[in-house]
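[1] Below are the sequence and a predicted model for it; my questions follow.
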There are 2 protein chains.
Amino acid sequence: MAQQARAIRTRQAILAAAAGVFAERGYERATIGEILARAGVTKGALYFHFASKEEVALGVLAAQMLDEPLPEQPVKLQELIDQGFLLAHRLQGDPLVQASVALAMDSGAVSIDRAAPFQAWVAQVADILAVARARGELLRHVDLMDTAELFSGAYAGIQTMSAIVCDRNDLTHRTRVLLRTLIPSICTPAVLLELDMSAERAASLAAEYTAHRLRREADLTDTEG
Amino acid sequence: MAQQARAIRTRQAILAAAAGVFAERGYERATIGEILARAGVTKGALYFHFASKEEVALGVLAAQMLDEPLPEQPVKLQELIDQGFLLAHRLQGDPLVQASVALAMDSGAVSIDRAAPFQAWVAQVADILAVARARGELLRHVDLMDTAELFSGAYAGIQTMSAIVCDRNDLTHRTRVLLRTLIPSICTPAVLLELDMSAERAASLAAEYTAHRLRREADLTDTEG
């Protein structure tokens, strides 16, 4: 177990270092050497985890997705709201998530597949909407793919604007405005009444996520010791 | 007049060249020399129009806004729809508008004020919404600034996603989905009935814009001759 914990740490260190190098130098100009130097790991360690700079970039891009699903909710659309709130929190506080989104939005990064993270978000939102539809939560005219693409694209835009204008300080508020404007157009009034889009909900999700993350960090340190 | 027409042409040539250089090399690495070489103009001509590389960038950023307002509509919210459709058309066909938006979204361009174009869009949308409110078109709970920021940010996101996924081929469709989902949450049902969000409306706006642009080009050539 100690060996596995060390491997997780090394992978995290490489991704964090790569995120920093990509942000400062741009993806195309960044080199494996710079990432190694910043991460303080050997070339062998890096190539154990990633076969190439492209694979490191895919690792950074993947970091914007949660590695564990959020708890299921009785009203499925609540999970869409919770995803939006939690992503706002992670974008505000986690440099790796920030770098991940910046890389996806970086039009200079021509040699990697920047469509992949968008498609992963669209697929995740579409899955939620499909269950919401099966449970009778959606209005009949709603097209699942159009709506999933709209939520993902619109969210990408409001977070970019928030980052540029105020370093994402107002992202939770903007996320609430987005959800409160989009969701009434897709769900039944009865379902709308059951949904919680309050700032309190956003704050409690953020607190739970942080607590869970700290517990995982502590577990990792224990198994290393 | 011939002199003025030539000055307009020179300015256009500089902005088009700068757009290309910024897109290929990134704003920070681009040099005035490269822009001069591509535009085929003298240093004196460039500095007559722009005092610095930053000013050239501001010129590129400003190119995403229309230089003439759209025709007024009896229902004010129709102008918001028309703006969205026309921007989709310009983003699909005008390299300078594409470069302008790419520069605003380029997180590597740290030495220019990328917030300015967002704020210009927000101000324009807020102006339309303020008139719509005065005419009784909006629901009472709608906050003008929140809504103006949402429209601008969400649009920025759907166009980025469309550019990455399919080179903006589906941008008119995505614009319709955005408008059809957002607008029912902000306007009265009676106003909603009066709005035209059809693909035909989008196509006719694009055709009018192209015709108008060709007329202006022809006028410019006439005064030069």
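    Yep, that arrived.
[2] who's in contact with A:Q119?
    A:Q119 makes contact with B:V165, according to C-beta atoms under 8 Å, 6 or more residues apart in numbering or on different chains. Heads up, the C-betas are built off the backbone N, CA and C, glycines and all.
[3] just A:V165 next, same as before
    Residues in contact with A:V165, defined by C-beta under 8 Å, 6+ apart, are B:115, B:118-119.
[4] how does chain A divide into domains?
    Following the assignment in automatic domain parsing, chain A carries domains at A:2-61, A:63-224.
[5] and the ones you listed as a markdown table, adding mean pLDDT?
    Output for the domains of chain A, formatted as a markdown table (pLDDT from 0 to 100):
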| stretch | mean pLDDT |
| --- | --- |
| domain A:2-61 | 91 |
| domain A:63-224 | 93 |
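[6] Rebuild those as CSV, extending it with distance to B:V41.
    Shown next, in CSV, are those (distance: least, C-beta to C-beta, whole Å):
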stretch, distance to B:V41
domain A:2-61, 28
domain A:63-224, 26
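[7] the longest helix in chain A is where?
    If you go by DSSP state H, chain A has its longest helix at helix A:199-224.
[8] can it be found next to chain B?
    No: figure legend: helix A:199-224 not in contact with chain B (C-beta under 8 Å from any C-beta of the partner chain); closest approach 13.6 Å.
[9] for chain A, what spans make up the helices?
    Ranges of helices in chain A, per DSSP H, are A:2-25, A:32-39, A:43-49, A:53-62, A:77-93, A:95-105, A:115-134, A:144-166, A:171-182, A:189-194, A:199-224.
[10] can I get these in JSON lines with distance to B:N169?
    Below are the helices of chain A laid out as JSON lines (distance: least, C-beta to C-beta, whole Å):
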{"stretch": "helix A:2-25", "distance to B:N169": "28"}
{"stretch": "helix A:32-39", "distance to B:N169": "35"}
{"stretch": "helix A:43-49", "distance to B:N169": "37"}
{"stretch": "helix A:53-62", "distance to B:N169": "23"}
{"stretch": "helix A:77-93", "distance to B:N169": "27"}
{"stretch": "helix A:95-105", "distance to B:N169": "19"}
{"stretch": "helix A:115-134", "distance to B:N169": "13"}
{"stretch": "helix A:144-166", "distance to B:N169": "13"}
{"stretch": "helix A:171-182", "distance to B:N169": "24"}
{"stretch": "helix A:189-194", "distance to B:N169": "34"}
{"stretch": "helix A:199-224", "distance to B:N169": "36"}
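[11] so which of those helices comes closest to B:R135?
    Using C-beta to C-beta as the measure, helix A:171-182 is the one of the helices of chain A that comes nearest B:R135, at 20.2 Å.
[12] so the closest one versus helix B:171-182, what angle?
    Relative orientation of helix A:171-182 versus helix B:171-182 (axes from the mean of the first three to the mean of the last three C-alpha atoms, to 10 degrees): 90 degrees.
[13] Now that A:T160 has come up, it's in contact with B:A156, right?
    Yes: contact criterion C-beta atoms under 8 Å: A:T160 and B:A156 qualify, at 6.2 Å.
[14] Pull up the overlap in contacts between the two.
    Common contacts of A:T160 and B:A156 (C-beta under 8 Å, 6+ apart): B:M105.
[15] coming back round to it: ok, so of the contacts of A:V165, who is nearest A:L178?
    Of all the contacts of A:V165, A:L178 sits closest to B:F118, with 15.5 Å by C-beta to C-beta.
[16] How many residues are close by the closest one?
    By other C-beta atoms under 10 Å in any protein chain shown, 22 other residues sit near B:F118.
[17] Would you mind listing the buried residues in the longest helix of chain A?
    Buried residues in helix A:199-224, defined by neighbour count with 16 or more other C-beta atoms under 10 Å in any protein chain shown: A:201-202, A:205-206, A:209, A:220.
[18] export the residues you listed to TSV and tack on distance to A:A134?
    Listed next are the buried residues of helix A:199-224 as TSV, based on distance: C-beta to C-beta, whole Å:
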residue	distance to A:A134
A:R201	24
A:A202	27
A:L205	25
A:A206	29
A:Y209	28
A:L220	38
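[19] and of those, the nearest to B:P189?
    For those, the nearest to B:P189 is A:R201 (29.3 Å; C-beta to C-beta).
[20] Tell me how far the residue of chain A found nearest chain B lies from A:A123.
    Closest to chain B within chain A is A:G157: 2.1 Å, counting by C-beta to the nearest C-beta. For A:G157, the distance to A:A123 equals 19 Å [C-beta to C-beta, to the nearest Å].
[21] Neighbour count for those two, which is higher?
    It is A:G157, of A:G157 and A:A123, that has more neighbours when counted by other C-beta under 10 Å, with 28 against 12.
[22] Tell me which residues touch the more buried one, please.
    Counting by C-beta under 8 Å, 6+ apart, A:G157 touches B:153-160.
[23] redo that, cut-off 10 Å
    Going by C-beta atoms under 10 Å, 6 or more residues apart in numbering or on different chains, A:G157 touches A:105, A:174, A:178, B:105, B:118, B:150-161, B:178.
[24] Can you tell me the closest non-neighbouring residue to it?
    Distance criterion C-beta to C-beta, 6 or more residues apart in numbering or on different chains; nearest residue to A:G157, sequence neighbours excluded, is B:G157 at 2.1 Å.
[25] swap in A:F85?
    Per C-beta to C-beta, 6+ apart, closest to A:F85 is A:A202, 4.1 Å.
[26] Count the neighbours of A:I8 for me.
    Using other C-beta under 10 Å, A:I8 has 13 neighbouring residues.
[27] Looks like it contacts A:L220 (just checking).
    Yes: counting by C-beta atoms under 10 Å, A:L220 is a contact partner of A:I8 at 6.3 Å.
[28] returning to what we had before: between the longest helix of chain A and helix A:2-25, how many degrees?
    On the basis of the same axes, to 10 degrees, helix A:199-224 is oriented at 130 degrees to helix A:2-25.
[29] Taking helix A:77-93 as reference, get the angle to helix A:199-224.
    70 degrees.
[30] which helices and strands sit right next to helix A:199-224?
    If you count contacts as 3 or more C-beta pairs under 10 Å, 6 or more residues apart in numbering or on different chains; DSSP states H and E, helix A:199-224 packs onto helix A:2-25, helix A:77-93, helix A:171-182.
[31] run the last query once more with 6 Å
    For helix A:199-224, the elements it packs on are helix A:2-25, helix A:77-93, judged by 3 or more C-beta pairs under 6 Å, 6 or more residues apart in numbering or on different chains; DSSP states H and E.
[32] what's the spacing between A:V122 and A:M105?
    Relative to A:M105, A:V122 is positioned 16 Å away (C-beta to C-beta).
[33] Quick check on the two: which one has the bigger neighbour count.
    Set A:V122 next to A:M105 and count neighbours by other C-beta under 10 Å: A:M105 wins out with 24 against 21.
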